[in-house]
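S.K.: Have a look; sequence and predicted model below, questions after that.
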2 protein chains.
Amino acid sequence: MRQSELFTKTRREAPADEVSVNARLLSRAGFVYKNSAGIYSYLPLGWRVIQKIAAIIREEMNAIAGQEIFMPALVEKKYLDATGRWDVPIGFRVQGLGVREASFVLGWTHEEIITEIASHYIQSEKDLPLAVYQIQTKFRNEPRAKSGLLRTREFIMKDLYSFHADQKDFEDYYQKVRRAYEKVFERCGLKTVYTVAGGGAFTVTNTHEFQVISPVGEDTILICDKCQYAENAEISKLKAGSSCPQCRGKIKKESAIEVGNIFPLGTKYSDAFKVKNRPIMGSYGIGLGRVMAAAVEVHHDDQGIIWPSSIAPFAIHLLELGKVSAKKVYQDLQKRGVAVLYDDRPVSAGEKLMDADLLGLPVRAIVSEKTGEKVELKKRSEAKAELVNLSYLRTLSSKS
Amino acid sequence: MRQSELFTKTRREAPADEVSVNARLLSRAGFVYKNSAGIYSYLPLGWRVIQKIAAIIREEMNAIAGQEIFMPALVEKKYLDATGRWDVPIGFRVQGLGVREASFVLGWTHEEIITEIASHYIQSEKDLPLAVYQIQTKFRNEPRAKSGLLRTREFIMKDLYSFHADQKDFEDYYQKVRRAYEKVFERCGLKTVYTVAGGGAFTVTNTHEFQVISPVGEDTILICDKCQYAENAEISKLKAGSSCPQCRGKIKKESAIEVGNIFPLGTKYSDAFKVKNRPIMGSYGIGLGRVMAAAVEVHHDDQGIIWPSSIAPFAIHLLELGKVSAKKVYQDLQKRGVAVLYDDRPVSAGEKLMDADLLGLPVRAIVSEKTGEKVELKKRSEAKAELVNLSYLRTLSSKS
């Protein structure tokens, strides 16, 4: 894409009300726009990141036999009455104009909806196991939406639900999902810690979170420095300095930006919707905007974002500096299906270089009077630049 | 995909409360599930259709320089107060639990949101024209949601917004969108009529709708049998039997299921949000579920759906009948990236054949004791079957 045609522009200053690193950098670089507290639009570059994250998630969910569907945001009262979750304070209520009583909640999770659907198709044990997921917008009335895109009131989530004939089958699948989640986060450039946590409004048993250790994290976890066993401080009886219950290593306290969670649900929902064979259920979530925000928190420097190449909006940022045109290089890369952002704007070299650091594409390629037939290549994550042939540049880039 | 692994099943009978052909067939075939009046889930086959329609729309929107973004469903009161649309009855109101006043509407359109965003990036005439679109869920409090998926309370929509320096540039782009829309509908197997219509809650001028002529259509249009000039009866002064104002052909009355509309907006929204240079705006919508439902209304017979191949969930329905396995054919097609649904279920030949007609994939391929080394091929839209080699089958199918 030609940068002269991209409608967003960078800003020197972040909006005054944004305090988190992720929202400050994503706003300045034009990836997102804040419409209301905790409510963002994804602009072209940000939307490309979300679509890349979605593609990675789809691949890993399909690999564990997940079938993709799409459920509604409007969840009628009858669904939540069946499980006693109509009054959970996190739900936004919806009503028509001039109607006295709200009859819908904006879906903040979809256990009830998917369980009713499944009850129509699960006739016997032969129809189990079953795993269904969607990538869809969720709504939670967070009293104080903060931390930028790490905790918002409207967000895109992948939610997977599974149904099993017995506890053993459920537990096997739970471990499969755990490994799939670790792959998703690793592919998105995030190192996560598998953490024991509480059940919230979902279940009475313990659940598991995938935490990214970061000083701006909203959660506190207690983690073993040897085997990485971890518990969320909310439910943990461990103390910093004590020894690990698993390996006797030393427990330390860390701040950590939960990016995913998995819940054993037992038969709570399959009982409520009278599903044949009372399947054992699990539900499993990943916040896509949260993955994007966590990646920015972990991968940035004073100049801007440093995207992991797997989720970067473009593979190469091609800059033409001075009176030279990089059009031929651009067309060559385009023809080969390389995702390239071509800075063809009539602005100063200094502005282009600053914007390239802020936007944070993995590879910066400069064509200028100095580079001659070659291209100056610099990885965003490294300081040194080198002159390379165009043919080398082509091999570096992932496909769009 | 193996049909034995697909969690949905066909039903002999449609739900008693569905009267429209589209909802009856889509429910029976397991493409959708009705959760509440006018609110549906897309199940795996239905979701594949929607994703195919989305891909076609994206291609055509990108071809007219549309930049894809994603805006929130929660639209804060301040946005609609700016244009006087807070009280439009179609909007669902949203409020937190225990809060006295609603502070959001569920976005039923996004002129206000996009115009505010654009106002931050349009600094001068150099930043025009600008075209931005999204594929996102909309909500409209339809008093009597009926006609199945043709008119729902929650639906996935492509909405495009454009900003122009002057009226001439706007009008040129409006015609470009018209042609892009005609391409989208044609590619989705729909023949549409470009119809003059009213402005509703969007604008005071006339607008244009893309209507599919169908006996179950909710709209009445007056159309010339010679030049196809058409007006929506809601605003038309034409009468059946009168002569066409364009070509003197004969006007007739038809029922018709609007699948898209385009609106000239003037400067109503750019004035409200004080956008520099007062751009002339247009907005342009396509309902994805409506395209799917219209395709079913137009393409079906007594046995079931007849998908246009461009939007079919799979290209080939491969059936193994009797004691023969079609596994090798399936694996061969899979390896070549052909989208194939493989009916490997241990059910009778009669049930498989009936389900194949109901599901409506473009090509049915049978492997049985009778077919030997060959495959029996029948197009869903044709009656005659023929024996073909596997190599021929491969060439017929579009890629997945």
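M.R.: All right, it came through fine.

S.K.: use CA for all of it now, contacts and neighbours both
M.R.: Noted.

S.K.: Contacts for the helix or strand hosting residue A:271, please.
M.R.: Assigned by DSSP states H and E, residue A:271 falls within helix A:268-272. Helix A:268-272 has contacts (C-alpha atoms under 8 Å, 6 or more residues apart in numbering or on different chains) with A:82, A:83, A:111, A:112, A:115, A:119, A:203, A:278, A:279, A:280, A:281.

S.K.: same check, this time on stretch A:157-169
M.R.: Outside stretch A:157-169, the residues that touch it by C-alpha under 8 Å, 6+ apart are A:57, A:66, A:109-111, A:114, A:125, A:128-138, A:170, A:277-289.

S.K.: next SSE after the helix holding residue A:271?
M.R.: Immediately after helix A:268-272, counting by DSSP H and E, sits strand A:280-287.

S.K.: Which is the succeeding secondary structure element to that following strand?
M.R.: Taking DSSP H and E, what comes next after strand A:280-287 is helix A:288-298.

S.K.: got a pLDDT number for the closest residue in space to residue A:76 that isn't next to it in sequence?
M.R.: Spatially, and ignoring its direct neighbours in sequence, residue A:76 is nearest to residue A:104 (4.4 Å; C-alpha to C-alpha, 6 or more residues apart in numbering or on different chains). Residue A:104 is assigned a predicted lDDT (pLDDT) of 96.

S.K.: Which residues of the stretch 101-250 of chain A lie near chain B?
M.R.: Residues of the stretch 101-250 of chain A found near chain B (C-alpha under 8 Å from any C-alpha of the partner chain) are A:113, A:117, A:121, A:127, A:130, A:141, A:154.

S.K.: what's the helix or strand for residue A:135?
M.R.: Using DSSP H and E, residue A:135 sits within strand A:130-139.

S.K.: Give me the angle between that strand and helix A:288-298.
M.R.: Angle, strand A:130-139 to helix A:288-298, by axes from the mean of the first three to the mean of the last three C-alpha atoms, to 10 degrees: 70 degrees.

S.K.: is the residue nearest to residue A:76 in a bridge, and if so with what?
M.R.: With DSSP bridges as the criterion, residue A:104 is bridged to residue A:76, residue A:94.

S.K.: circling back: tell me which other helices or strands the strand holding residue A:135 touches.
M.R.: Under the contact criterion of 3 or more C-alpha pairs under 8 Å, 6 or more residues apart in numbering or on different chains; DSSP states H and E, strand A:130-139 touches strand A:67-68, strand A:154-164.

S.K.: what's the closest of those strands to residue A:346?
M.R.: For the helices and strands packed on strand A:130-139, proximity to residue A:346 was assessed by C-alpha to C-alpha; strand A:154-164 is nearest, at 36.3 Å.

S.K.: now the closest one and helix A:288-298, what's the angle there?
M.R.: If you take the same axes, to 10 degrees, strand A:154-164 sits at 110 degrees to helix A:288-298.

S.K.: who does strand A:154-164 pair up with?
M.R.: When pairing is defined by DSSP bridges, strand A:154-164 lines up against strand A:130-139 (antiparallel), strand A:280-287 (antiparallel).

S.K.: pLDDT on it, on average?
M.R.: Averaging pLDDT along strand A:154-164 yields 98.

S.K.: before we move on, what about stretch A:217-236?
M.R.: Mean predicted lDDT for stretch A:217-236 stands at 93.

S.K.: buried residues in that stretch?
M.R.: If you call a residue buried by 16 or more other C-alpha atoms under 10 Å in any protein chain shown, then stretch A:217-236 has these buried ones: A:217, A:219-225, A:228-233.

S.K.: can you check stretch A:152-170 too?
M.R.: Judged by neighbour count using 16+ other C-alpha under 10 Å, the buried positions of stretch A:152-170 are A:152-166, A:170.

S.K.: ditto for stretch A:292-306
M.R.: The neighbour-count check on stretch A:292-306 (16+ other C-alpha under 10 Å) flags A:292, A:293, A:294, A:295, A:296, A:297, A:298, A:299, A:300, A:304, A:305, A:306 as buried.

S.K.: so what's the fourth one up against?
M.R.: Taking C-alpha under 8 Å, 6+ apart as the contact definition, residue A:295 lies against A:188, A:189, A:190, A:307, A:308.

S.K.: picking that back up, now go through the residues of the stretch 101-250 of chain A next to chain B and say which are in helices.
M.R.: Using DSSP state H, the members of those that fall in helices are A:113, A:117, A:121.
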